[in-house]
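Colleague: I'll drop the sequence and a predicted model, then ask my questions.
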Amino acid sequence: MNQNDVVVIYTDGASRGNPGPGGYGTILMYKQHRKEMSGGFRKTTNNRMELLAVIVGLEALKREGLNVVVYSDSKYVVDSIEKKWVFGWVKKRFKDKKNADLWMRLLPLYAKHQVKMVWIKGHANNIENENCDRLAVEAALGNGLIIDQGYESSVE
């Protein structure tokens with residue numbers, strides 16, 4: 001696989017309190033192109049924001065069948081996919097599992113591409129991971145936070 005044919009996505013999620021206000025940061029890179037995305041929610045969890053960061057990155061891809069490498073500092077997200085746990089959760093209809101709404105949103109996106117998930121250590125001077133962290137934290141601290149319907153409807 002030619003390195004130029006790979007879409008690189010860096011992701012991070014943050015929450016101020018768990019649950020609490022949260023945000024995600026996503027950076028897409030392909031050849032000379034770069035796109036930064038972020039969003040904030042009034043009440044959510046860190047794991048939901050980590051997942052949403054990956055979803056937003058994959059949703060931004062304009063065509064199918066791409067080679068994608070996603071870098072995340074979330075063992076929860078990376079291991080759930082790379083160790084194939086999530087596919088077992090699907091068979092059990094996510095019984096006793098959290099974040100089913102986001103996993104069900106992610107899996108069809110994942111299936112459209114050749115995706116490799118790579119865990120990276122957070123806060124270890126990886127510049128793009130640090131950039132995603134900044135985007136996520138800024139979003140979590142921002143004004144006009146929106147409702148994470150999947151979270152708030154599940155805890156009410």
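Modeller: Ah, there it is.
Colleague: Relative to the whole chain's centre, how far out is the helix or strand of the chain with the lowest mean pLDDT?
Modeller: In the chain, the helix or strand scored least confidently by mean pLDDT, DSSP states H and E is helix 149-155, which has a mean of 89. Offset of helix 149-155 from its chain centre (CA atoms, centre = their mean, to the nearest Å): 18 Å.
Colleague: now stretch 98-110
Modeller: 10 Å.
Colleague: what's in contact with that stretch?
Modeller: Defining contact as CB atoms under 8 Å, 6 or more residues apart in numbering, one finds that stretch 98-110 is touched by 45, 47-48, 51-52, 54-55, 58-59, 80-81, 86, 89-90, 94, 97, 150, 154. Using the backbone N, CA and C atoms, a C-beta is placed for each residue, glycine as well.
Colleague: Show the average pLDDT along that stretch.
Modeller: The pLDDT scores in stretch 98-110 average 96.
Colleague: go on, stretch 19-28?
Modeller: Mean pLDDT, stretch 19-28: 97.
Colleague: List phi and psi for the residue nearest to residue 150 when sequence neighbours are not counted.
Modeller: Of all residues not flanking residue 150 in the chain, residue 101 sits nearest, at 3.9 Å (CB to CB, 6 or more residues apart in numbering). The phi and psi torsions at residue 101 (degrees, to the nearest 10) take the values phi -60, psi -40.
Colleague: excluding its backbone neighbours, what's nearest residue 51?
Modeller: Residue 51's closest residue in space is residue 102 (CB to CB, 6+ apart), at 4.4 Å.
Colleague: immediately after the strand or helix carrying that neighbour, which helix or strand?
Modeller: Element membership for residue 102, per DSSP states H and E: helix 100-111. Following helix 100-111 in sequence order, the next helix or strand is strand 114-119 (DSSP H and E).
Colleague: Tell me which strands that next one pairs with, and in which orientation.
Modeller: Pairing partners of strand 114-119, with direction, according to DSSP bridges: strand 67-72 (parallel).
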